[in-house]
Every structure is written in C-alpha cells, then in structure tokens.
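> what's the 3D shape of this:
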Amino acid sequence: MKNNYVILDIFKFFFSICVILIHTELYLKLKYGFYIHETVFRLAVPFYFVCSGYLLSKKKMIKTD
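Got it, this is the predicted structure:
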C-alpha cells in the first residue's frame, strides 16, 4: 500500500521553488531579498536531506516488515 504525504509534497514543491530562486538570484530584486535568502531559502537543502532520510527509513521499515 502506497502512503501519501500531502504536507510533505507541498513543502517539497515550495522548497523546489526556493532552490530555483536561489540559482537564478531573482530574490535580489526584492526589497528584503537578502533577508529572505538568509532565512527561508537556506532551509531548502537541509529539508531535502531530512526528507530523503525519513522516506528512505520508511521504505526500509516497510520492506523488512
């Protein structure tokens, strides 16, 4: 049975947009772009690291059960 993680999918979509904005540097045109970059955008990579570890552990648990 496949599990659906709707909230996780929403966060993955949001942080994928953040990664795109980091690489295109469009945030620099905003008034507070630097602060947005330093607070919100920097969470994207750690989120994907934790998310992939969580999903891999869930996959491993399902496989062994």
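
> Where do the helices of this structure begin and end?
When assigned using DSSP state H, the helices of the chain occupy the ranges 6-24, 33-39, 44-64.

> Is it possible to get a markdown table of the ones you listed that adds mean pLDDT and mean neighbour count?
Bear in mind the C-beta positions are built from the backbone N, C-alpha and C, glycine included. Shown next, in a markdown table, are the helices of the chain (pLDDT from 0 to 100; neighbours: other Cβ atoms under 10 Å):
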| stretch | mean pLDDT | mean neighbour count |
| --- | --- | --- |
| helix 6-24 | 89 | 13 |
| helix 33-39 | 83 | 13 |
| helix 44-64 | 80 | 11 |
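
> for F11, what are its contacts?
Shown in contact with F11 (Cβ atoms under 8 Å, 6 or more residues apart in numbering): F47, C51.

> Return the distance of it relative to K29.
Separation of F11 from K29 (Cβ to Cβ, to the nearest Å): 25 Å.

> what's the answer for F14, then?
Taking Cβ to Cβ, one finds F14 at 20 Å from K29.

> Kindly report the same for F41.
The gap separating F41 from K29 is 14 Å, by Cβ to Cβ.

> out of the two, which sits in the more crowded spot?
F41 (17 against 7; other Cβ atoms under 10 Å).

> So the more buried one is in contact with C18, correct?
Yes - using Cβ atoms under 8 Å, F41 makes contact with C18 at a distance of 4.7 Å.

> Report the set of residues contacting both of the two.
Counting by Cβ under 8 Å, 6+ apart, nothing touches both F41 and C18.

> what about L26, how many neighbours?
11.

> ok, now which ones touch it?
Going by Cβ under 8 Å, 6+ apart, the list of residues near L26 is empty.

> Quick check: pLDDT value at it.
L26 carries a pLDDT value of 78.
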